[in-house]
Structure formats: C-alpha cells, structure tokens
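Visitor: Show me how the following folds:
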Amino acid sequence: MENINIRISSSKLRKITSCMYQYKLYSMDGWRRIQDKAIYRFGHICHETVTRSIAEKFKHSPSKLFASKWSKEVKKDLHYNNTDSFDKFMNLGKTLCAKIPEALQGITRISNIEDKFEVGLSGIQLNGYVDFICDYKDKRTLLDIKTLKSTSPYEVKMSDQLTLYSMAKQVPNVGIIAMYKVKKDPRIEIITGRKTKQDYMDLQYKIKNAVSDIARKYYPKANNRLTCNMCDYVPICFGTKKEVKAKLRQIDTRQHTK
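Guide: Residues are numbered from 1 along each chain as shown. Coordinates of the predicted model:
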C-alpha cells in the first residue's frame, strides 16, 4: 500500500466502513444536507446532557438541562420527519434525560470525559474523542453515548468506533449508554463487551485497505438497501438533479486532508 498522509476521525471511519462513495461525497466533494436533521440534533443534545451532568456531578437536573439546550433549537431550520416535531422531541428528551441519574448509578471513578486522542498507523492519523472512562461492574470500562431506536445483541462487538477507542486508550472493556428514543418506552440501558487483539488487527486491516483505495481514488458504492436507506446522498446516486438541488449543498473542503 502506498503511504499517504490522511486523517481519519471516528465519524469518517463510519462512512468508510459503510460506503466508500459516501466518504468521498462528504470528505472530498463537500456535500452536506441543506437542513440538519432534527433527530441528529436531538441525539447530540442528549449526548451533551449526559456528559455535562457527569462532569458537574449532577449539579443540575438532567431533564431541565436538556430542556434548556433543546429550547435553543426552536428557531433553527431543522428537518423533522412526518411524525416528529419540536414539542415531541422536547417531551421525549425530558423524559429520557430524567432517567440518567438512575441509569448511571453503578458507574464510579469517572475520568477522561470527552478526551481527545490521536493514534498513528502507517502514515494514517486516527483521531477522535472518547466520551468517558469509568469503573463499571468492577471493570475499568470505556463508555460511548448513543441515542438509538433499537440495538442488536452484537452492537458493541460490531462497533468499529468502539474498537478504535479501545485501541487508542488501551481499555479492552467497552460499552454504550443506549438512550432509546422510543416515544412509548424511552429508557436507558448500558451494554458492554470486550475488544480483543484480533479486533484491533481486523480494524487496522480494514482501515489500511480503505486508505489504499483512497490513494488510488477508488470509491466503490455500497449499493446495500439498509445502508442506502439511511444515506443523505441517495439523490446523488439514484435521484435527479432537481432532488439533489432541493436537499443538498456543497462546501469548500480544501482545508481538509484528502
């Protein structure tokens, strides 16, 4: 493989491992949604609420903290799905975040909150932020916060992102704080697992192969129903110029390493 200097964040890693063409459209070509998705902003604010609550040792009510943050989104031009609205997300977020203190009761010795890391790999710079490291069930554990509708029994084991974090921080026990954004049953669950040396080797192999493709300017499309259904760039791949113009815009990416 030809060595090239490239920086890969955990968010870019998700695109690379799901669809190389999606990575190109985002990182190389600078395509972005005209409207941010409200569901993404909701997840981001839930994430902020957890980390701030932990950092401040629950000085403030997480439910009120979420409400304060979400209220600032009301004037933003966000895209809501047909069944969603600002008020529905407000009620869901308040209910969900009220459960944070009880859900995190078993967590102690919290450290490395939103801790940045950088790892070198054959001319590739891997970087990102871990949410935090703690003691959970008598094990030093790296936890990541996710808002989800559902999870797989293998969610933690399948996560390349958690493998990267585990490898960077040398913490084999990892897990997610799953915040289920389900209107009828909003709840929080901690799901854990363990990463192995084989997981690290598999991830490194995957990244090196992807970077080799990038060096050759080869960006294959996933053409996978599940991947494509969740992709913002479906109009580019399968739609019309009119659909692209209605939903997407381009930004200047020259400041990014290609």
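Visitor: how far does stretch 217-230 stretch from start to finish?
Guide: Stretch 217-230 has an end-to-end distance of 24 Å (C-alpha to C-alpha, to the nearest Å).
Visitor: Show me what counts as buried in it.
Guide: 219, 222, 228 (16 or more other C-beta atoms under 10 Å). Where you see a C-beta, it was placed from the backbone N, CA and C, and this is true even at glycine.
Visitor: what distance separates that stretch from the centre of its chain?
Guide: 18 Å (C-alpha atoms, centre = their mean, to the nearest Å).
Visitor: And stretch 59-74, by the same measure?
Guide: Mean-position distance between stretch 59-74 and its chain equals 21 Å (C-alpha atoms, centre = their mean).
Visitor: burial of Asp160, as a residue count?
Guide: Neighbour count of Asp160, defined by other C-beta atoms under 10 Å: 18.
Visitor: Contacts only, for it.
Guide: Going by C-beta atoms under 8 Å, 6 or more residues apart in numbering, Asp160 touches 13-14, 17, 203, 206.
Visitor: now with 7 Å?
Guide: 13, 17, 203 (C-beta atoms under 7 Å, 6 or more residues apart in numbering).
Visitor: are any of those buried, and which?
Guide: So, by 16+ other C-beta under 10 Å, the buried ones in those are 13, 17, 203.
Visitor: thought the first one was touching Ser159?
Guide: Read it as Leu13. No. Contact criterion C-beta atoms under 7 Å: Leu13 and Ser159 do not qualify, at 10.3 Å.
Visitor: Which of the helices and strands in this structure ranks last by mean pLDDT?
Guide: strand 6-9 (a mean of 86; mean pLDDT, DSSP states H and E).
Visitor: Would you mind pulling up the elements that the helix or strand that comes right after that strand packs against?
Guide: The helix or strand immediately downstream of strand 6-9 is helix 10-18, counting by DSSP states H and E. Applying 3 or more C-beta pairs under 7 Å, 6 or more residues apart in numbering; DSSP states H and E, we find helix 10-18 packed against helix 20-23, helix 160-169.
Visitor: where's helix 10-18 relative to the chain centroid, distance-wise?
Guide: That offset, for helix 10-18, works out to 9 Å (C-alpha atoms, centre = their mean).
Visitor: please begin residue numbering at 114 from this point
Guide: In the new numbering, first residue 114, that becomes helix 123-131.
Visitor: Just the angle for it relative to helix 273-282, thanks.
Guide: Helix 123-131 runs at 130 degrees relative to helix 273-282, counting by axes from the mean of the first three to the mean of the last three C-alpha atoms, to 10 degrees.
Visitor: buried residues in helix 123-131?
Guide: So helix 123-131, judged by 16+ other C-beta under 10 Å, has buried residues 123, 125-126, 128-131.
Visitor: which one of those sits closest to Arg165?
Guide: Nearest to Arg165 among the buried residues of helix 123-131, counting by C-beta to C-beta, is Ser123 at 20.3 Å.
Visitor: So which of the buried residues of helix 123-131 sits lowest on pLDDT?
Guide: Taking the buried residues of helix 123-131 together, the minimum pLDDT is found at Ser123 (84).
Visitor: Please report how far that one lies from Tyr267.
Guide: Remark: distance between Ser123 and Tyr267 (C-beta to C-beta, to the nearest Å) = 19 Å.
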